[in-house]
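Enquirer: structure for this input, please:
(2 chains)
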Amino acid sequence: TAGITQAPTSQILAAGRSMTLRCTQDMRHNAMYWYRQDLGLGLRLIHYSNTAGTTGKGEVPDGYSVSRANTDDFPLTLASAVPSQTSVYFCASGSTGGPDTQYFGPGTRLTVL
Amino acid sequence: GQNIDQPTEMTATEGAIVQINCTYQTSGFNGLFWYQQHAGEAPTFLSYNVLDGLEEKGRFSSFLSRSKGYSYLLLKELQMKDSASYLCAVRDGDYKLSFGAGTTVTVRA
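Expert: Below is the predicted model of the structure:
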């Protein structure tokens, strides 16, 4: 079972360019999440989706957009990248309800120059 | 929102015990999670507490006191492979997680 996959693994991007980070899960989880992780700040939630067709803003949503057309995919788009978006991005999925935890993808390391 | 505090770093000797504390202030509480994260890797789930008390899973235990906004993760019989960052996370009523900055544990021989 693949679990959660993310692509690309890493990317160097010029400031002002757009980019979409891909995330796919095969666990049929209803909820999916995007986090960024920066040194000293821990994981911060960017956007989330509790079910296909709905999305919500997390702690740091500015400069990012998401869509949830189906259960499995949850792409994150940077419309016009800035250097402060240099970070490691983790996608996660989980089932809302009960003790179920969130499962994390391997991450995408993004550098914006 | 959530305010979650945990120590930045801890060092311990192989075979010893280490306790990582986590305090939180929350606008809604729906469980507390501990994750382990090795350098360059994704976080992986360690433990979950939603009721007060101790949950034990092998060498790892986690404790919760909801009235005090306090949890700890206890790592026993430390091994070199336990060197990692340990993340405390609080879940709200909308099933979103808020994370502390993480505690880096270094195990020395």
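
Enquirer: contacts, neighbours, all on C-alpha from now
Expert: Will do.

Enquirer: near chain A, which residues of chain B?
Expert: Applying Cα under 8 Å from any Cα of the partner chain, we find that chain B lies next to chain A at B:31, B:33, B:41-45, B:48, B:95, B:97-102.

Enquirer: could you measure from B:L75 over to chain A?
Expert: 20 Å (Cα to the nearest Cα, to the nearest Å).

Enquirer: does A:G40 touch B:A101 like I think?
Expert: Yes - in this structure A:G40 lies within contact range of B:A101 using Cα atoms under 8 Å: 5.9 Å.

Enquirer: give me the more crowded residue out of the two.
Expert: Under the neighbour definition other Cα atoms under 10 Å in any protein chain shown, A:G40 and B:A101 were set side by side, and B:A101 has more, 24 against 11.

Enquirer: ok, that one touching B:Q6?
Expert: Yes - using Cα under 8 Å, B:A101 is in contact with B:Q6, at 7.1 Å.

Enquirer: can you list the strands that the worst-scoring helix or strand of chain B on mean pLDDT pairs with?
Expert: Of all regular secondary-structure elements in chain B, judged by mean pLDDT, DSSP states H and E, the least confident is strand B:2-5 with a mean of 88. The pairing partners recorded for strand B:2-5 under DSSP bridges are strand B:18-26 (antiparallel).

Enquirer: could I get the partner strand in CSV with only the CA atoms?
Expert: In CSV, the C-alpha atoms belonging to strand B:18-26 read as follows (Å, rounded to 0.1, in the frame of the first residue of the first chain):
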residue,chain,number,x,y,z
VAL,B,18,13.6,10.8,29.3
GLN,B,19,10.4,12.7,29.9
ILE,B,20,9.2,15.3,27.4
ASN,B,21,6.6,17.8,28.7
CYS,B,22,4.0,19.6,26.7
THR,B,23,1.7,22.3,27.9
TYR,B,24,-1.2,23.7,25.9
GLN,B,25,-3.8,26.3,26.0
THR,B,26,-6.7,25.5,23.7
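
Enquirer: just checking, what packs against the following helix or strand past that strand?
Expert: Tracing the chain C-terminally past strand B:18-26 and defining elements by DSSP states H and E, one meets strand B:32-37 next. Packed against strand B:32-37 by the contact rule (3 or more Cα pairs under 8 Å, 6 or more residues apart in numbering or on different chains; DSSP states H and E) you find strand B:44-49, strand B:84-91.

Enquirer: where in the chain is pLDDT low?
Expert: In the absence of a named chain, chain A is used. For chain A, applying pLDDT under 70 flags the ranges A:1-2, A:98-99.

Enquirer: that's the wrong chain, I meant chain B
Expert: Of all residues in chain B, those with pLDDT under 70 make up the ranges B:1.
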